[in-house]
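Asker: got a predicted model here, sequence first, then my questions.
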Amino acid sequence: MESIVFYIVRASVYLLIFTIGYFFLLRKSPQASINRAIILISGTLSVMLAFIPANYFNIDSGNGQRVVNLPVIVVTATGNISNVTSRIGFAVSRFEPIHYIIVICSILLLLILIIRFAQLGILIYNHRAYKLEGMVVVSLDQETSPFSFFKWLFVPKGLNNAHHFGAIVAHEQAHFKRYHSIDVIFFELIKVLFWFHPAYYFMRAELRAMHEYEADHIALARFDKIEYQKTLVELSFLGGLIPITNPFNVSLIKKRLLMMNKKSKHQPLKKWLFIAAISLSVGLTAIIQSCDFQKSAKPDTDVVPQLIETPVETAAVVVDTTTSEIFTIAEQMPAYRGGVEAMTKFISENIKYPEDARSKSIQGKVYVSFVVEKDGKISNVKVLRGIGRSCDEEAIRVVQMMPDWIPGKQDGQNIRLQYNLPVKFVLH
């Protein structure tokens with residue numbers, strides 16, 4: 001549950017970044033197809049980038065070179081109670097009200113989407129249909145604006161013989177051929193994640209507008225502009241039935257009429273601004289990915305370190321001009337005596353969750369850098385990135401306490417080699 005909430009937070013930040021860029025640079029552009037593509041890419045990237053775990057990018061050695069990251073050591077504060085009740089209490093503590101609200105609302109929205117699909121199926125099943133120009137026209141008893149969903153075109157009875165019926169078919173056929181229904185379904189699905197996000201509703205409205213602009217543009221190639229615009233006005237007082245469809249009448253008639261008369265202008269400055277905005281978004285993405293989204297919780301007592309990640313392999317060599325060469329990878333890597341499990345056990349027996357940090361509900365990752373010397377001793381212990389509140393000092397203290405390692409070798413000679421050790425302090 002907690003990880004789902006963190007994922008939604010990251011995805012929401014990405015969506016906000018993309019929306020701001022779109023709003024200032026592309027919102028008034030007459031290029032509906034380009035705008036549509038940007039909106040879809042923004043939604044897709046927001047969902048995909050959030051899957052990348054926080055702190056995905058490696059921490060460097062402090063001088064631009066990446067080093068080997070040891071497995072993350074997790075230090076958690078838990079209650080001193082029986083095993084069964086501990087698990088129940090731990091589960092309850094993680095299911096905070098906000099988590100319930102987010103998940104329940106998302107589930108309800110998913111159910112509503114399923115119901116809408118069922119409504120469309122019922123309409124198709126209960127009404128007469130016939131084929132026309134590659135579409136399946138479904139005649140409805142209700143008075144409603146024409147709308148389409150993939151190849152199905154839903155129109156009220158009596159409209160089939162209207163003089164502007166051909167323009168309606170051309171417009172909805174354009175929706176079908178441009179796969180607009182797929183876009184609508186995709187945005188309805190990601191609504192499950194972004195139902196609370198104002199940026200989502202803005203982008204969804206923009207996407208629907210781009211659909212109408214595209215369909216209008218295609219239809220105008222076959223019909224007189226004035227007659228087509230009259231058709232829009234005549235049907236402007238009718239409403240669609242089901243939100244996941246492409247209604248012929250949407251509440252932006254004025255904008256559609258203006259867009260039909262708007263000419264595209266070459267604006268090189270705006271293109272450069274757009275490229276700059278994308279570059280900025282990439283930079284912000286890297287910054288966001290280096291952050292941990294941790295929840296604050298009421299601290300308890302005991303410390304339980306866990307080994308939960310695997311080492312990250314990198315390669316580089318750094319020269320320390322004050323002493324001797326420090327390697328970051330070697331033919332024979334240094335090793336903790338007894339292996340990783342022994343190192344984890346040593347840390348579990350010696351590290352403590354600082355009282356000051358627990359009282360302030362401070363948690364997060366501390367990245368400690370250290371060098372395994374030629375004789376196996378630990379030196380140059382320092383914090384590359386910390387969270388303060390005595391957690392940095394505690395991580396340094398335990399690393400400095402570690403017994404001698406088996407030194408690394410390069411070309412048969414003992415060497416100095418640098419490691420990073422992430423220590424994650426978590427309150428449950």
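Answerer: Happy to help now that I have it. Numbers count the residues shown, from 1 in each chain.
Asker: next up, the contacts around Leu140.
Answerer: Residues near Leu140 by C-beta atoms under 8 Å, 6 or more residues apart in numbering: Leu123, His127, Phe154, Val155, Pro156, Lys157, Leu241. Glycine gets a C-beta too; all of them are placed from N, C-alpha and C.
Asker: tell me the bridge partners for it.
Answerer: Leu140 has these beta-bridge partners by DSSP bridges: Pro156.
Asker: just the CA trace of stretch 200-213, in CSV.
Answerer: Output for stretch 200-213, consisting of C-alpha atoms alone and laid out as CSV, is shown next (Å, rounded to 0.1, in the frame of the first residue of the first chain):
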residue,chain,number,x,y,z
TYR,A,200,-4.9,15.5,-15.2
TYR,A,201,-8.3,17.1,-15.8
PHE,A,202,-6.6,20.0,-17.7
MET,A,203,-4.7,17.6,-20.0
ARG,A,204,-7.7,15.4,-20.5
ALA,A,205,-9.8,18.4,-21.6
GLU,A,206,-7.0,19.4,-23.9
LEU,A,207,-6.8,15.9,-25.4
ARG,A,208,-10.5,15.9,-26.2
ALA,A,209,-10.2,19.3,-27.8
MET,A,210,-7.3,18.1,-30.0
HIS,A,211,-9.5,15.2,-31.0
GLU,A,212,-12.2,17.5,-32.1
TYR,A,213,-9.8,19.8,-34.0
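Asker: returning to what we had before: which of the contacts of Leu140 count as buried?
Answerer: Leu123, Phe154, Val155, Pro156, Leu241 (16 or more other C-beta atoms under 10 Å).
Asker: between those residues, which is nearest Ile104?
Answerer: Using C-beta to C-beta, the shortest approach to Ile104 within those belongs to Leu241, at 26.9 Å.
Asker: mean confidence for the helix or strand where Ala357 lies?
Answerer: Assigning secondary structure by DSSP states H and E places Ala357 in helix 355-359. On average, the pLDDT along helix 355-359 is 84.
Asker: ok, then the element right after that helix?
Answerer: Toward the C-terminal end, the helix or strand that comes next after helix 355-359 (DSSP H and E) is strand 364-372.
Asker: pairing partners for that following strand, with directions?
Answerer: Strand 364-372 has these partner strands in its sheet, going by DSSP bridges: strand 378-385 (antiparallel), strand 413-427 (antiparallel).
Asker: picking up where we left off before, of all the contacts of Leu140, which two lie farthest apart?
Answerer: Every pair of those checked by C-beta to C-beta; the farthest is Lys157 and Leu241, at 14.3 Å.
Asker: what's around Glu349, how many residues?
Answerer: Residues near Glu349, counting by other C-beta atoms under 10 Å, number 10.
Asker: sorry, wrong one. I was asking about Ile17.
Answerer: Neighbours of Ile17 (other C-beta under 10 Å): 22.
Asker: and it, how far from Leu232?
Answerer: As defined by C-beta to C-beta, to the nearest Å, Ile17 lies at a distance of 35 Å from Leu232.
Asker: same check on Asp141?
Answerer: Applying C-beta to C-beta, the value for Asp141 to Leu232 is 24 Å.
Asker: please say which of the two ends up with more neighbours.
Answerer: Neighbours per residue, other C-beta under 10 Å: of Asp141 and Leu232, the larger number sits with Leu232, 22 against 9.
Asker: so that one touches Arg256, yeah?
Answerer: Yes - assessed by C-beta atoms under 8 Å, Leu232 is found in contact with Arg256 at 6.6 Å.
Asker: off-centre distance for whichever helix in the chain runs longest?
Answerer: Longest helix in the chain, counting residues (DSSP state H): helix 97-126. For helix 97-126, the distance from its own C-alpha centre to the chain's C-alpha centre is 22 Å (C-alpha atoms, centre = their mean, to the nearest Å).
Asker: try stretch 117-134
Answerer: Using C-alpha atoms, centre = their mean, we find the averaged C-alpha position of stretch 117-134 to lie 36 Å away from the chain's own average C-alpha position.
Asker: which one of the strands paired with strand 364-372 lies closest to Thr344?
Answerer: Of all the strands paired with strand 364-372, strand 413-427 sits nearest to Thr344, with 11.0 Å by C-beta to C-beta.
Asker: how far out from the middle of the chain is the closest one?
Answerer: Mean C-alpha position of strand 413-427 versus that of the full chain (C-alpha atoms, centre = their mean) differs by 30 Å.
Asker: can I get it in CSV, CA atoms only?
Answerer: Backbone C-alpha positions of strand 413-427 (Å, rounded to 0.1, in the frame of the first residue of the first chain) are rendered in CSV as follows:
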residue,chain,number,x,y,z
GLN,A,413,49.4,-6.2,-5.5
ASN,A,414,47.2,-5.0,-2.6
ILE,A,415,45.3,-1.9,-3.5
ARG,A,416,43.1,0.8,-1.9
LEU,A,417,39.5,0.6,-3.0
GLN,A,418,36.5,2.8,-2.4
TYR,A,419,32.9,1.6,-1.6
ASN,A,420,29.6,3.3,-1.0
LEU,A,421,27.3,1.9,1.7
PRO,A,422,23.7,3.1,1.7
VAL,A,423,22.1,2.9,5.2
LYS,A,424,18.3,3.4,5.1
PHE,A,425,16.6,4.5,8.3
VAL,A,426,12.9,3.6,8.3
LEU,A,427,10.2,4.2,10.9
